[in-house]
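S.K.: Build me a model:
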Amino acid sequence: MEIIVIFGFYLLPIISIVFCYNLIAVIRKIHEDDGTYFNGFLMTASFIAIVVYFALLIASTQ
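M.R.: Next up, the predicted model:
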């Protein structure tokens, strides 16, 4: 379980930055009426990874 905590500690900030970048890109593309499929996919994958890491971190501390 320690490996999950270490990966979560180092990867969670990177995944969070990817999520925020894609959120801004989607908002800009919606404003300009461009395609948002790829950015939406990356944003969804980043959000799922963040939630999974938080769940694993909570589960590993109990």
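
S.K.: backbone phi and psi for residue 3, please?
M.R.: Phi and psi for residue 3, reported as degrees, to the nearest 10, are phi -70, psi -30.

S.K.: Just the local confidence number for it, please.
M.R.: Here, the pLDDT recorded for residue 3 equals 79.

S.K.: and if you look at residue 30?
M.R.: Residue 30 carries a pLDDT value of 86.

S.K.: Grab the nearest non-local neighbour of residue 50.
M.R.: residue 15 (5.7 Å; Cβ to Cβ, 6 or more residues apart in numbering). Just so you know, the C-beta spots here come from the backbone N, C-alpha and C atoms, and that holds for glycine as well.

S.K.: And the one you found, how close does it get to residue 42?
M.R.: To residue 42, residue 15 is 10 Å away according to Cβ to Cβ, to the nearest Å.

S.K.: close enough to count as contact, the residue nearest to residue 50 and residue 49?
M.R.: Yes - under the criterion of Cβ atoms under 8 Å, residue 15 makes contact with residue 49 at 5.0 Å.

S.K.: my guess is residue 43 contacts residue 26, does it?
M.R.: Yes - using Cβ under 8 Å, residue 43 is in contact with residue 26, at 6.2 Å.

S.K.: quick one: low-confidence parts of the chain?
M.R.: Along the chain, segments meeting pLDDT under 70 span 1.

S.K.: mind checking how far the residue nearest the centre of it is from residue 62?
M.R.: Taking Cα atoms, centre = their mean, the centroid of the chain lies closest to residue 46, which sits 2.4 Å from it. Distance of residue 46 to residue 62, given as Cβ to Cβ: 26 Å.

S.K.: can you count the residues close to residue 42?
M.R.: With neighbours defined by other Cβ atoms under 10 Å, the count for residue 42 comes to 17.

S.K.: what helix or strand does it sit in?
M.R.: When elements are assigned from DSSP states H and E, residue 42 belongs to helix 37-61.
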